[in-house]
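Trainee: Got a predicted structure plus its sequence, pasted below:
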Amino acid sequence: MSDKVKLGFIACGGIIRSHLDQGLGRFPDVEFVGWCDLDPAVAEARKAQVGGQGAVYTDAKQMLDEAKPDAVYIALPPYGHGVPEALVVERRLPFFIEKPVAIDTATAERIAEGVEKHGLITSVGYMTRYRRSVRRVRELLQQQTPVLMHGGWLGGGPGSYDGIWRWWVQKDKSGGQFLEQTTHTIDLARYLYGEVARVYAVPVRDRRARPEFFTIEDASMVQLSFANGAAANLYSSCSTSIGGGVFMTLFATDMKAEFTGWEHSVKIDLPAGEHIEIPGEANVFALEDRAFVDAVKAGRPQGILASYRDGLKAVQISCAANESMVTGAPVDLS
Ligand SMILES: NC(=O)c1ccc[n+]([C@@H]2O[C@H](COP(=O)([O-])OP(=O)(O)OC[C@H]3O[C@@H](n4cnc5c(N)ncnc54)[C@H](O)[C@@H]3O)[C@@H](O)[C@H]2O)c1
């Protein structure tokens with residue numbers, strides 16, 4: 001590998017624009033060699049963002065074979081996963097992949113098997129893990145027994161159906177809000193409280209007039225039982241315009257932690273009136289991008305806080321919730 005890590009991109013939409021703006025685009029030790037998107041105008045826009053570096057492709061295989069990246073960023077919508085990752089795994093390339101890693105467990109399990117067979121460095125875009133607030137709470141929880149937690153993503157939903165919102169509101173394309181968006185909270189719940197053993201989900205539908213292609217739930221409540229006996233309730237809503245937002249509150253035996261906002265600022269309460277407040281960082285994409293690029297340079301996953309297997313676990317929990325919403329029964333994750 002030369003001094004600079006050569007990066008190729010598969011799917012170059014809005015989230016890659018953010019990575020370039022806030023992280024990768026400012027790193028002196030990366031080079032952009034290939035931009036692949038089904039829509040070449042989107043790939044051209046990302047190329048223009050970095051001063052015209054790299055070539056534009058509409059076929060991932062061609063990009064990998066011609067641009068020859070050292071590592072790949074994959075930022076596909078949930079419905080697009082599987083085939084592109086298999087091409088990357090075949091070439092034994094390290095990859096960063098945006099959440100959720102798949103819309104179904106079979107795809108994620110197949111890719112995880114290839115990743116682990118070849119010992120590939122992977123990183124999943126669960127950027128919240130890199131926040132100081134989360135790391136401090138995780139540290140404090142080592143001295144606690146986890147009890148209860150609740151959190152989620154509540155909002156009013158899209159006002160129009162352009163861009164991402166067109167696929168986001170279709171259940172067979174996005175997997176629904178819990179799988180696509182609340183996945184950040186699922187991952188945070190696992191990161192703080194451990195493995196999930198059982199999932200029970202209640203869907204809420206028909207709260208607002210919707211176009212016929214709107215097939216996701218208007219809201220849902222998902223109950224998680226952790227293997228250690230603690231429990232969580234996770235909310236998702238795209239039908240409530242007042243209040244809500246991104247939040248999580250957890251109660252351990254002698255500790256309360258309340259995260260608020262996308263930036264996950266936290267207020268922590270401990271015995272004897274001890275109170276800690278930690279604001280969330282504005283530029284968290286830079287932290288996870290730095291960790292991935294450094295790991296690629298080192299040839300080992302040092303500093304990466306979420307691996308492909310973590311992505312698979314979140315998909316398993318999400319798909320169990322989707323199954324529970326259909327059957328009305330809890331699903332065991334053994
Ligand atoms: N970490 C975060 O906070 C965060 C934020 C936003 C989005 N995301 C995730 O990133 C992913 C992409 O979201 P986005 O906002 O960039 O969506 P987007 O709709 O803006 O872009 C997706 C792009 O993928 C392209 N595409 C689809 N199938 C493809 C294929 N087979 N090969 C090449 N290109 C293909 C489309 O043409 C489109 O340009 C989603 O999974 C989303 O959940 C993560």
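Mentor: Received the coordinates, thanks. Residues are numbered from 1 along each chain as shown.

Trainee: distance of Gln53 from Lys47?
Mentor: Counting by C-beta to C-beta, to the nearest Å, the gap from Gln53 to Lys47 is 7 Å. The C-beta positions use only the backbone N, C-alpha and C, and glycine is treated the same way.

Trainee: if we look at stretch 166-179, which residues are touching it?
Mentor: Stretch 166-179 is contacted from outside by 77-79, 100, 103, 153, 157-158, 161, 180, 186, 201, 210-211, 213-217, 220, 222, 234, 236-238, 315, 318-319, 321-322, using C-beta atoms under 8 Å, 6 or more residues apart in numbering.

Trainee: Among these, which ones lie close to the ligand?
Mentor: Contacts with the ligand within these, counted by C-beta under 6 Å from any ligand atom: 77-78, 180.

Trainee: Which one (most neighbours) among the residues you listed?
Mentor: Using other C-beta atoms under 10 Å as the neighbour test, these are led by Pro78, with 25 neighbours.

Trainee: pretty sure that one contacts Glu180?
Mentor: Yes: with contact defined as C-beta atoms under 8 Å, Pro78 counts as touching Glu180 (5.8 Å).

Trainee: Check which helix or strand the residue nearest to Val124 when sequence neighbours are not counted maps to.
Mentor: Leaving out its chain neighbours, the residue that sits closest to Val124 by C-beta to C-beta, 6 or more residues apart in numbering is Gly311, at 4.0 Å. Assigned by DSSP states H and E, Gly311 falls within helix 308-327.

Trainee: Against which helices or strands is that helix packed?
Mentor: Packing contacts for helix 308-327, counted by 3 or more C-beta pairs under 8 Å, 6 or more residues apart in numbering; DSSP states H and E, involve helix 105-117, strand 122-124, helix 177-180, helix 183-193, strand 196-204, strand 219-226, strand 331-332.

Trainee: Pull the distance from the last one to the chain's centre.
Mentor: To tie it back to what came earlier, the one meant is strand 331-332. Centroid displacement of strand 331-332 relative to its chain, using C-alpha atoms, centre = their mean, to the nearest Å, is 22 Å.

Trainee: on contacts alone, who are the packing partners of it?
Mentor: Packing partners of strand 331-332 (3+ C-beta pairs under 8 Å, 6+ apart): strand 196-204, helix 308-327.

Trainee: what pairs with it, and is each one parallel or antiparallel?
Mentor: Each strand paired with strand 331-332, and its direction, by DSSP bridges: strand 196-204 (antiparallel).

Trainee: what does the second one give?
Mentor: According to DSSP bridges, strand 122-124 forms sheet pairs with strand 95-97 (parallel).

Trainee: For the residue in the stretch 201-334 of the chain that the ligand sits nearest to, which residues are in contact?
Mentor: Nearest residue of the stretch 201-334 of the chain to the ligand (C-beta to the nearest ligand atom) works out as Phe285 at 7.8 Å. Contacts here follow C-beta under 8 Å, 6+ apart; on that basis Phe285 touches 18-19, 22-23, 127.

Trainee: which ones among those residues come in contact with the ligand?
Mentor: Filtering the contacts of Phe285 for proximity to the ligand by C-beta under 6 Å from any ligand atom leaves Met127.

Trainee: From the contacts of Phe285, list the buried ones, please.
Mentor: 18-19, 22-23, 127 (16 or more other C-beta atoms under 10 Å).

Trainee: Around the ligand, which positions in the stretch 1-150 of the chain sit nearby?
Mentor: Proximity of the stretch 1-150 of the chain to the ligand, by C-beta under 6 Å from any ligand atom, involves residues 10-11, 13-15, 36-39, 42, 60, 75-78, 80, 84, 98-99, 125, 127.

Trainee: returning to what we had before: could you tell me which residues touch both of Pro78 and Glu180?
Mentor: Listed contacts common to Pro78 and Glu180 are 100, 174; contacts here mean C-beta under 8 Å, 6+ apart.

Trainee: nearest residue to Thr145 other than its sequence neighbours?
Mentor: The shortest distance from Thr145 to any non-neighbouring residue, by C-beta to C-beta, 6+ apart, is to Thr253 (4.5 Å).

Trainee: Tell me how far the one you found lies from Val147.
Mentor: Distance of Thr253 to Val147, computed by C-beta to C-beta: 6 Å.

Trainee: Contacts only, for the spatially most central residue of the chain.
Mentor: Centroid-nearest residue in the chain: Lys99, 3.0 Å away (criterion: C-alpha atoms, centre = their mean). Each residue near Lys99 by C-beta under 8 Å, 6+ apart is listed here: 124-126, 183-184, 187, 311, 314.

Trainee: With Tyr126 instead?
Mentor: 99, 184, 187-188, 191, 305-306, 310-311, 314.

Trainee: Same list (these) but as a markdown table, adding pLDDT.
Mentor: Formatted as a markdown table, the contacts of Tyr126 follow (pLDDT from 0 to 100):
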| residue | pLDDT |
| --- | --- |
| Lys99 | 98 |
| His184 | 98 |
| Asp187 | 98 |
| Leu188 | 98 |
| Tyr191 | 98 |
| Leu305 | 98 |
| Ala306 | 98 |
| Asp310 | 98 |
| Gly311 | 98 |
| Ala314 | 98 |
